[in-house]
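*Asks:* Sequence plus predicted model, see below.
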Amino acid sequence: MNSVSRRYVVAALSLVALGLASAVHPQSNPPADVSVTLFQNVRIFDGKGASLSALSNVLIKGNIIERISTEPIAAEPGMTVIAGNGRTLMPGLIDAHWHAMLIRPNPVQAVAGDIGYNNIAAGAEATDTLMRGFTTVRDVGGPVFGLKSAIDSGIIAGPRIFPSGAFITVTSGHGDFRQLSELPRTIGGMLSRMEQIGGSMVADSPDEVRVRVREQLMQGASQIKLTAGGGVSSPFSPIDASTFTEAELRAAVEAADNWGTYVTVHAFTPAAIQRSIAAGVKCIEHGFLMDETTAKLIAEKGMWLSLQPLPEELRQGFPEGSVQRAKADEVWPGIARTYELAKKYKIKTAWGTDVLFSQALAQKQGAILASLVRWYSPAEALAMATGTNAELLAMSGKRSPYLGKLGVVEQGALADLLLVDGNPLENINLIADSAKNFKVIMKDGKIYKNTLGG
C-alpha cells in the first residue's frame, strides 16, 4: 500500500470511529433561533425547600433558566408566554431506579423476543414516561443505549436517561435469565441471548468483571450496576445468596473509579450490603432485608440508599406458587422497616419505582411517588424525587450524559419543568394524575405539553 492509499484508509477509519462515537454520545447542535419562554405569576417549588415561593416570573432562554424574579419580566416579540395564574412551577420528576427496556415486554419477550419490536415498544413507553412528568430516569439495567441516543437526537420524545447498560451478574445470580439447558457456561465461549442483546452480562472472576464494566463504560454508561445478592424476578438466585466476592466487587469499583464514576449494587441482605460496602460501592439499591447494624454502617460511610416503595400490585403480579412470588412474599415486609431505618439514621435516600414487565403499573409512576407520604411529608417526598435524586445523578461526574444542573428551579439550572394545577405540597396526589394536573411539561427548554396556550 502506497503512502497516499494509506492516508485514505486512515482518514476513512477516523471517520468511522467518529461516527461510532457520535452514535454512542450524540452531540447536540444549538438551534439557530434560541427559543424563549416566560412563565408568569407562578409559585415555585425549587426542589429543595418545604414551601412555595411568592408569586414569581421565570424566564427560560434555550435550555437554561435565565432569570427568576418577583418583579414583572417584560414579554417580548417571539417569546412564548404562559400565564401561571398562581399555579405551581416545579422541577421535572426524576426516577432513580428505572428499566426503560423492561416495562412493556414480559420476561420471555424481553430476553427472547425480537429486539426491534422491543425497542419500538420501549420508545413508546419512553414518550409516556415523559408525559407523566418524569423528565429524567436513572436506568439501572438493560440494553438502553440505542433508546437513549434516539431520545437525545430528537427522533422520539422521552426522558433524559442516565444508563448503566447491562446488568453485571454472576452465574446463577440476579439478572442471569439463562435456561438450565444453556449450561455449562464456557469461559470465552458463545454469548447467551441475554448477553448478545446487552441485557445482562455474566462475570465469574475479577478479570471478567473488569472487562464487562469497561464494555459498559465504552458504550456510554454513566454508572455501573452489579447484582450483589439474590433477587425476586430471577428464577435461580435465592434471596439469601451473596453472589459476587469482595474481590470481584472491588474490581468493578476500581474500573468505574478510573472513569470517574461509581458502582451501585442490587442487594437485600446485610451480608450482601456489607460486602459491597467493604469493596467501595457507593450506592445500594433496595436493601429491604437490612438490619440496624447495616443501616448504621451505610450512614457512617455516607453512602446512598436507593429505595422504592414497591406497590402490592408488583408483588401480586408474580403468579401464586411460583418461585418469584415466594421470594416477593419474603421481601415485601421489609420495605416499611427499611424506610424507617433510613429515616432513623438519616441515610442519604434516593427514590425510584423499579417497575418491571407491566405497562399498567408504569402508568402509576406518579402514584408510587405519592405513596411516600407513609413516611415523609409531601415536600420531603417531592424533594427526594427532584433535588435529592439529582445529587445522586451528579455522582457520575464527567460521565454524566448531560451538562448542567438538574432537579431544581434556580437561575442557571437546566429547564426541566412542570406547571402543576394546584399545590402538590398540600396535595401530593396531584402528581398521580399527570394528564389532568400537569398543564405544562418542559424538558431541556422544549415544551412537550401545554394545555394553557401562549
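*Replies:* Sure, I can see it.
*Asks:* Can you measure across stretch 105-115, start residue to end residue?
*Replies:* End-to-end span of stretch 105-115 (CA to CA, to the nearest Å): 11 Å.
*Asks:* Need the contact partners of that stretch.
*Replies:* 101-102, 117-118, 121, 143, 177, 193-194, 197, 199, 233, 357 (CB atoms under 8 Å, 6 or more residues apart in numbering). Where you see a C-beta, it was placed from the backbone N, CA and C, and this is true even at glycine.
*Asks:* which residues of the protein score low on pLDDT?
*Replies:* By pLDDT under 70, the low-scoring segments of the chain are 1-33, 454.
*Asks:* hmm, try it at 80
*Replies:* For the chain, the stretches with pLDDT under 80 are 1-33, 179-181, 188, 453-454.
*Asks:* Would you point out which residue is most central in it?
*Replies:* When CA atoms, centre = their mean is applied to the chain, the residue found nearest the centroid is residue 138 (1.3 Å).
*Asks:* beta partners for that residue?
*Replies:* Legend: beta-bridge partners of residue 138 under DSSP bridges are residue 162.
*Asks:* Contacts only, for it.
*Replies:* 94-98, 162, 164, 222-223, 352, 389, 392-393.
*Asks:* That one and residue 320, how far apart?
*Replies:* Going from residue 138 to residue 320 by CB to CB, to the nearest Å gives 32 Å.
*Asks:* Same question for residue 377.
*Replies:* Counting by CB to CB, the gap from residue 377 to residue 320 is 36 Å.
*Asks:* Tell me which of those two has more neighbours.
*Replies:* residue 377 (13 against 8; other CB atoms under 10 Å).
*Asks:* Setting aside sequence neighbours, what's the nearest residue to the more buried one?
*Replies:* Closest residue to residue 377 apart from its sequence neighbours, by CB to CB, 6 or more residues apart in numbering: residue 50 at 7.4 Å.
*Asks:* do residue 213 as well
*Replies:* residue 255 (4.2 Å).
*Asks:* Correct me if wrong, but the one you found is in a helix.
*Replies:* Yes. Under DSSP: H, G, I helix; E, B strand; the rest coil, residue 255 falls within a helix.
*Asks:* For it, grab the count of nearby residues.
*Replies:* Residue 255: 21 neighbours (other CB under 10 Å).
*Asks:* Distance-wise, check it relative to residue 62.
*Replies:* The value you get for residue 255 to residue 62, if CB to CB is used, is 36 Å.
*Asks:* what about residue 444, neighbour count?
*Replies:* What residue 444 shows, counting by other CB under 10 Å, is a neighbour count of 18.
*Asks:* what's the distance between it and residue 65?
*Replies:* 12 Å.
*Asks:* Run through the helices of the stretch 51-200 of the chain in chain order.
*Replies:* Using DSSP state H, counting those that start in this stretch, the helices assigned to the stretch 51-200 of the chain run over residues 107-112, 115-131, 145-152, 193-196.
*Asks:* Of those helices, which stretch is the most buried?
*Replies:* Compared across these, helix 145-152 shows the largest average neighbour count, a mean of 21 (mean count of other CB atoms under 10 Å).
*Asks:* Just the buried positions in stretch 46-55, please.
*Replies:* 46-48, 52-53 (16 or more other CB atoms under 10 Å).
*Asks:* make that stretch 34-48, sorry
*Replies:* 35-40, 42-48.
*Asks:* which one among the residues you listed gets closest to residue 90?
*Replies:* residue 45 (4.1 Å; CB to CB).
*Asks:* Spit out the contact partners of the closest one.
*Replies:* Counted by CB under 8 Å, 6+ apart, residue 45 has contacts 52-53, 88-91, 379, 382, 409, 424-425.
*Asks:* Give me the number of neighbouring residues for the closest residue to residue 371 other than its chain neighbours.
*Replies:* Residue nearest to residue 371 in three dimensions, not counting chain neighbours: residue 309, with 4.9 Å by CB to CB, 6+ apart. Counted with other CB under 10 Å, residues neighbouring residue 309 total 22.
*Asks:* can you pull the contacts of residue 309?
*Replies:* 335, 339, 351, 368, 371-372, 374.
*Asks:* Return stretch 140-147 as CSV; C-alpha atoms alone will do.
*Replies:* Only the C-alpha atoms of stretch 140-147 are listed here, as CSV (Å, rounded to 0.1, in the frame of the first residue of the first chain):
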residue,chain,number,x,y,z
VAL,A,140,-30.2,0.6,36.3
GLY,A,141,-30.1,-2.3,33.9
GLY,A,142,-31.0,-3.1,30.3
PRO,A,143,-30.0,-2.6,26.7
VAL,A,144,-30.9,1.1,26.7
PHE,A,145,-28.1,2.8,24.8
GLY,A,146,-29.9,2.9,21.5
LEU,A,147,-33.1,4.3,23.1
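*Asks:* what residues does that stretch touch?
*Replies:* By CB under 8 Å, 6+ apart, stretch 140-147 touches 24, 97-102, 115, 119, 122-123, 126, 158, 161, 163-167, 175, 197-200, 219-220, 223, 225, 264, 285, 352.
*Asks:* of the residues you listed, buried ones?
*Replies:* 97-102, 115, 119, 122-123, 126, 158, 161, 163-167, 175, 197-200, 219-220, 223, 225, 264, 285, 352.
*Asks:* now residue 167: how far from residue 227?
*Replies:* Distance from residue 167 to residue 227, by CB to CB: 6 Å.
*Asks:* Same check on residue 79?
*Replies:* Taken as CB to CB, the span from residue 79 to residue 227 is 49 Å.
*Asks:* Straight-line length of stretch 138-152, end to end?
*Replies:* Start-to-end, stretch 138-152 (CA to CA) is 15 Å.
*Asks:* My error: substitute stretch 278-295 in the last question.
*Replies:* 14 Å.
*Asks:* Now do that stretch: distance to the chain's middle.
*Replies:* On the basis of CA atoms, centre = their mean, to the nearest Å, stretch 278-295 sits 19 Å off its chain's mean C-alpha point.
*Asks:* Name the residues of that stretch that are buried.
*Replies:* Buried, per 16+ other CB under 10 Å, within stretch 278-295: 279-290, 294-295.
*Asks:* Now, those that are in helices?
*Replies:* Counting by DSSP state H, the buried residues of stretch 278-295 place 279, 294-295 in helices.
*Asks:* For those, give me CSV that also has distance to residue 251.
*Replies:* Below are these laid out as CSV (distance: CB to CB, whole Å):
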residue, distance to residue 251
279, 9
294, 23
295, 27
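*Asks:* Between those residues, which sits nearest residue 171?
*Replies:* residue 279 (19.1 Å).
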